[in-house]
Every structure is written in structure tokens, then in C-alpha cells.
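*Asks:* Could you work out the structure for the sequence below:
(chains A and B)
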Number of protein chains: 2
Amino acid sequence: MQIVSDVAGEVLDVPVQANAPLKAGDVLFTIDPTPYQATVKALRQEALEELGAEIILANTYHLYLRPGHELVRKLGGLHRFMSWPHAILTDSGGYQVFSLSELRKMTDEGVRFRSHLDGSEHLLTPEKAAEIQLALGSDIAMVLDECIETPAPRDKAESAVQRTTAWAKRARKHFLDHATRNGDLPQWQFGIVQGATFPDLRRASAQQLLEFDFPGYAVGGLAVGEPHDLTCAMTAEVTALLPHDRPRYLMGVGRPEQIADYVALGVDMMDCVLPTRAARHACLYTSEGRVLIKNARYAQDENPIDANCICSVCRRYTRAYLRHLFAAGEITAAILASHHNVHFYLDIMRQIREAIGFGNLAKFSSEMHARYSAGVA
Amino acid sequence: MQIVSDVAGEVLDVPVQANAPLKAGDVLFTIDPTPYQATVKALRQEALEELGAEIILANTYHLYLRPGHELVRKLGGLHRFMSWPHAILTDSGGYQVFSLSELRKMTDEGVRFRSHLDGSEHLLTPEKAAEIQLALGSDIAMVLDECIETPAPRDKAESAVQRTTAWAKRARKHFLDHATRNGDLPQWQFGIVQGATFPDLRRASAQQLLEFDFPGYAVGGLAVGEPHDLTCAMTAEVTALLPHDRPRYLMGVGRPEQIADYVALGVDMMDCVLPTRAARHACLYTSEGRVLIKNARYAQDENPIDANCICSVCRRYTRAYLRHLFAAGEITAAILASHHNVHFYLDIMRQIREAIGFGNLAKFSSEMHARYSAGVA
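*Replies:* Here you go, the predicted structure:
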């Protein structure tokens, strides 16, 4: 993957040149419009390109079960399968195994689970998760980690860190063996730091992963219900230790007003379901705060969703029309709302890069918090 | 509405110049991608423009109940409300009253019904149907007619024709009084021929409507379960009597292979839910026949939906990907399939106009029947 750095840098292009060293000071800001199943919900790939999305996320768990990673491999990989010639990040599948499947049984070998689709039994190991992602052909692949429920007792968090490190080692070996056999590094493989809300465990997890020389590192198991301050504190413990010339990826965040906080702590990449999921539930993000568009106050509102927004939805449609589409349960409501919300998130990233350049990220952050703490518009 | 005639003519533009005489030989071919509620399901207005749709249909019944015609009037009419600066046809609301609402009570005054949304009671009269459509500000408005269940006994069909004529007279008077008061004709108001499957009643209905000098005429109450040959026979009875220099509109048709048959009988306009509804049910129309895309045979099919199609979906996505999206229940499946099917229907109309120009409409028609009788691909 080519990393092109302007003020703050962006993930811009495939194919991957994995493990190519980043220049010090390069920072990746990328946001994931959260597709699950080789599609971003309610948005055509053409719309994502119009929006300027440069990297999207696809769920390994879903694609492994349906249509199957071997089918995707046979059809030329995920980029070709879904006609997305830009960057793709795949998760390890672990998180969905924990949140969606039944009869999970965790051993040192891996996690045994039943499909939420047909009840079939499967075993996901660190090697298997790496193998599936190689078949999918994503640009960034994640190692399998052990996700635990929170709040977690210390002994459970400690053993999860140990297992996560052991699995990362196996995943890295499997990946590098594959690369050696094939003579190139087809992906960037990222490690994932665990450790729940224990600072020393977080630091230990990060230190242990550094041994394996990943080209990028993620922070997992945060923003799962704990207070925002605690998420930030744990993130800071980890980003302080991770190399500044490699991408640092905070998984599964965040709310619009929180993003700049994470960036200020050294986070370069995030992903979140919020822009598209909130859109489907009629929650629109604007420069003035959230707009719950089903509210009766918008019935005759001829303003765009956000008067400061330049997206194609705000240029053409009114709040009154959006409200009508949601009230009528029309698919076009999800299409238009998702388009706007993804634009809003990508625009936050653009504003953050600009704020970094001008040295006023803290000001941007406090303004965002002020707007979003003011409550729902 | 400006009617621009090339070989066969198209409805091309708003604003309306209602009652402007058509030249003899002008023929309108227009197809309606069937929106219900001020949207074509799963397609943004931008997509409809990309597809070259020139006229769309909106349901008066739905818009009267939600968001309400007075709200639409207040917000500048339907064109502005939904940001569609091209032509709009509204139906009278009668058909949905018959098919969706409860507790219908029909009298000479009108039809009393309860909303399918909240059970509220309403009275739809010929004057009210005209008034609602004036508020919506569509380009073509339909008079309220009496729809009856089929097959209908002769006495019921006969009384429905009488009432339809009486209602057409009242609707025309209401509309023209409005126009006189305002000094212009804001819409084209079309009459609707009824008469079930009785040739003499069909002819009588048409003759009676001609008295009111409508700028266009529709044929209603056909393609509701009777054999295609009978639909054609009844249509032919009516189109023979209706003025050739005014649009003749066969309501609620049809299947891809039937459209040329209707055109050959003198039909200029049609509307149908089929392109978008079939799309949402994974039925794709192609130059080789129907493709039921969920079929396992398409799982590894890297061809486009239709190798002969130039739509943006066929240029980018494979059958294998479409099948995956339907299997996964993704909204993007409906978006892509609807886009393709509407393109297919609009392309049929283009091919029909060309066939008329080259004098081989009969050949085109028989080829379409051959492809579509061959069964499902």
C-alpha cells in the first residue's frame, strides 16, 4: 500500500507494498464506513468513490461463512469480487465469533463455534484467520486475538493477553512463512493489543507484540462500555509505546466528537458502524449536532440536513423530504442518510488533518464536544 | 408539458403546457419506474436521471395520507418536495383505496374509506381527487374512476362505466373551473376508460369520455388476471376509438415481452411496478430472459447480469456478487437490481421506438416473446 503524506497523510492506493517503512511523521487517518458483507450498507461502490472513501472494512467472519473465502479467492479476491479497487481492511473474525455465534469453546488452539447462519461447526485458529484473509486478499489483515467481556477481572484479562500474544506469534509466523514461499508480502498484517482496563497489562501486551515487528498495531477491546476518559487513558498507555512511524489503529470507534481525542493520543486509524447504522435509524450527524430526522419539527423544514455540508444529499434534498422517506419506510431513506453520514465522518477526518496542520486540534476537539454535548437537535 | 417528437416521440420536459395540441403522428412512449411515496424504491433521483427516466408516477392515495397533499402544496408541490424537475404523473388514488384501505363504501358521491395507516375515515370524491392532484402539482393527473373486481358480471361492469363517466364529468368540470379561475391549465387531466371485458361497454365508456375533451385517455381495469390476448382485445377496442393525436395510456402494464404488443395496438404510455418490485425479489430482466439471481448456478458467475446491457451495474458488477448481496440480505442488492431492471425497461422503450422507425415492430415483439417464453434463465 502506498502511503502518501501531505499534512497528515492518507491511505491512498493499492496494491500493497507491505512492510515498506513509513517516514517518521507520516500519520494515517482513515475511517471505515463499515461494510459487513463485501458491501457498505445502502451505498454503491460508486457512492463511496464520490464520497472519497479510500479504505473500507470487510468482516472476515461473515465472508468466511458466506460466500466463503475459497469462493472469493477463486473469483480473484475481494477487490475484484466487490469491484473495489481501493484499500480494504479485514478483521480477524474473532470479534464476530464472540458476538454472533453460538457454542464458543476457547482453547489455546483456537476458538470453536457454530455458525449463526446454519449451526455448522467451525474452528478458527490464528493460522486459519490469517489464511482466510490471505484468500480474501485484503490490504490490511488483522491477527486473531482473544476478546473478553468487560468489565473483566484481572486474572481473565491477564490470561487473554498471554493468549493474544501467543496467537499473534503464530499468526505472524504463518503469514511470514506464506510470504517467504511466495516471495512477497501480499498484505500488511497488524497485531492487536489487549489488556482490558489495566494499564500495566496494556503496556505488557504492546511490548510483547513489538517483538514480532508488525507493520502496524491495533488497540482492541476498548470503547465497549467503559467511560470515554478510561478509553482515552488506556489508548494513551499503548500509543506511547507503539512506534510512531507505523499506523496505530483504535478498533471500533467512535462518536463524532470523540475522534479528535483519539487522534490527539496518536491514533491514526479507526473504524465504526456508527455512520451507517445511525443513518438507518434516522440519526443524522451535522455540524450543529445530531438531527433525529423523524422528529415532527422537521416536517416542513426545507433546509438541507446540514447547511454547512457540501454532500450531494445536502445539495439536493430537504429535511422535510428525508423525514417523509423515513416515515414511509422507504429504502431511499437509508441510501440518502447513509451517504450524508459517511460524508460527515470523512469530513471530520479532513478537518482533523487541517487542524493538525494549523496546530489547533485541541480547539477543534473542544468545539466538537460542545456541539455534541448540547444534545440532540 | 413539452412533447418532443422524433421517430416516435417522448415526454421530455416540464413545465406543463396543458392541452397544447399534439401533432398527428406523435406518439408518447413513457415508462414509469413506479414510485409510490414520492420516491422510486431503492433509487435516488440522481440514478433515475442517469437512467434517462423522463416521467415517474406518484401515488395520490399514499401522498394524501402521508405526508398530506396540503403539506406538499405548502412546500412548493411534488417536483420541489422530492427534487424531481422532470415529469410526474399522479394516479387518482382510487386504485389504492380499493386495494389497500378498509371499510370502503361506494356511493354516487364518492368512496368512503379508512386509512390503512391509522384507521382514520376519509371521503374521496371526483372533485377531491382532482383537488389533491392540483395540490401535488403533477404534470399529468388522472380522474377518479370506479375500479371493480374481476371477473365482473355484466350489470356491475355496466354500472361502473356509468359512474366512471359521471365522475369524469364532475372531475373535468372541477378541473376546468379551477383553470378558469387561475387563468391557466396547470396539468394534463386524463380520463379513464372502464368496461371490464365487455367490448361494447369498453366502446361506450370511451365514447362517453370523448365528450369531455380530455388531452389524454387511459385504459383502466385491464391486466388484472385475465389472459394477455383478452387484455389486447379490449385495448384494441378502445385505442381504435381514442384520438390518435392524444396520449393513450394503458394503466398497470406490463411484462417485458408484452410491451411491444400494447404499443402495436396504439398504446403510448404504460406504468408498472414490475421492474422495481421484481428487482427487490431478485428477479433480473435480461436480453436473454429472466435471471433469478439467487440460483446457485450464479455463485461463481463472473459475467454481468446481461452481457448486452450498458447500464452502470452491468459495467461494474458480476452475477456472483449480486447473488452474494441477495443471499446476505443487503440493501445494496435492491439498489443494484432496481437500477438494472429500470434500465432494461427504459431500453425496451428505446428499442421499440427504433423498431417503429425501421418498420419491424412485429419482429421485435415476436423475438421478445420467444426469449421470455423460453423460461427462466
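*Asks:* Show me where the stretch 201-350 of chain A has its helices.
*Replies:* Assigned by DSSP state H, counting those that start in this stretch, the helices in the stretch 201-350 of chain A fall at A:228-239, A:259-264, A:274-280, A:312-316, A:319-327, A:331-358.
*Asks:* Same question for the stretch 1-150 of chain A.
*Replies:* A:45-51, A:60-65, A:69-74, A:78-81, A:94-100, A:126-136.
*Asks:* Please identify the most buried of these.
*Replies:* Of these, the one with the most neighbours on average (mean count of other Cβ atoms under 10 Å in any protein chain shown) is helix A:60-65, at a mean of 25. For the C-beta atoms, the positions are set from N, CA and C on the backbone; glycine is no exception.
*Asks:* Tell me which other helices or strands that helix touches.
*Replies:* helix A:69-74, helix A:94-100, helix A:126-136 (3 or more Cβ pairs under 8 Å, 6 or more residues apart in numbering or on different chains; DSSP states H and E).
*Asks:* can you do 7 Å?
*Replies:* helix A:94-100, helix A:126-136 (3 or more Cβ pairs under 7 Å, 6 or more residues apart in numbering or on different chains; DSSP states H and E).
*Asks:* Please state the offset of that helix from the chain centre?
*Replies:* 16 Å (Cα atoms, centre = their mean, to the nearest Å).
*Asks:* try stretch A:364-377
*Replies:* Its chain's average C-alpha position is 23 Å from that of stretch A:364-377, according to Cα atoms, centre = their mean.
*Asks:* and what of stretch A:243-258?
*Replies:* Centre to centre, stretch against its chain (Cα atoms, centre = their mean), the figure for stretch A:243-258 is 9 Å.
*Asks:* can you check stretch A:119-126 too?
*Replies:* On Cα atoms, centre = their mean, the centre of stretch A:119-126 falls 23 Å from the chain's centre.
*Asks:* Pull out the buried positions in that stretch.
*Replies:* When burial is assessed from 16 or more other Cβ atoms under 10 Å in any protein chain shown, stretch A:119-126 yields the following buried residues: A:122, A:124-126.
*Asks:* swap in stretch A:300-317?
*Replies:* Buried, per 16+ other Cβ under 10 Å, within stretch A:300-317: A:301, A:304-306, A:309, A:311-314, A:316-317.
*Asks:* right, is it up against chain B?
*Replies:* Yes: judged by Cβ under 7 Å from any Cβ of the partner chain, stretch A:300-317 comes into contact with chain B through A:300, A:302, A:312, A:316-317.
*Asks:* what's the farthest-apart pair in those?
*Replies:* Longest distance between any two of the residues of stretch A:300-317 next to chain B is 23.0 Å, between A:Gln300 and A:Ser312; criterion Cβ to Cβ.
*Asks:* who touches the residue of chain A most remote from its centre in this structure?
*Replies:* Most distant from the centre of chain A: A:Gln300, at 36.5 Å, with distances by Cα atoms, centre = their mean. Residues counted as contacts of A:Gln300 (Cβ atoms under 7 Å, 6 or more residues apart in numbering or on different chains) are A:320, B:71, B:74-75.
*Asks:* Looking at those residues, which one is closest to B:Ala160?
*Replies:* The closest of the contacts of A:Gln300, once distances to B:Ala160 are taken by Cβ to Cβ, is B:Leu71, at 32.6 Å.
*Asks:* Tell me how far that closest one lies from chain A.
*Replies:* 7 Å (Cβ to the nearest Cβ, to the nearest Å).
*Asks:* Report pLDDT for that residue.
*Replies:* Here, the pLDDT recorded for B:Leu71 equals 97.
*Asks:* Relative to chain B, how far out is the residue nearest to the spatial centre of chain A?
*Replies:* The C-alpha lying nearest the average C-alpha coordinate of chain A belongs to A:Asp271 (Cα atoms, centre = their mean; 2.1 Å). Using Cβ to the nearest Cβ, we find A:Asp271 at a distance of 18 Å from chain B.
*Asks:* again, but for A:Val342
*Replies:* With Cβ to the nearest Cβ as the criterion, A:Val342 and chain B are 14 Å apart.
*Asks:* do A:Ala264 as well
*Replies:* 35 Å.
*Asks:* mind listing what that residue touches?
*Replies:* Contact partners of A:Ala264, counting by Cβ under 7 Å, 6+ apart, are A:361, A:365.
*Asks:* try it again with 10 Å
*Replies:* A:232, A:235-236, A:239, A:352, A:355-356, A:361-362, A:364-365 (Cβ atoms under 10 Å, 6 or more residues apart in numbering or on different chains).
*Asks:* which among those gets closest to A:Ala260?
*Replies:* A:Ser365 (3.9 Å).
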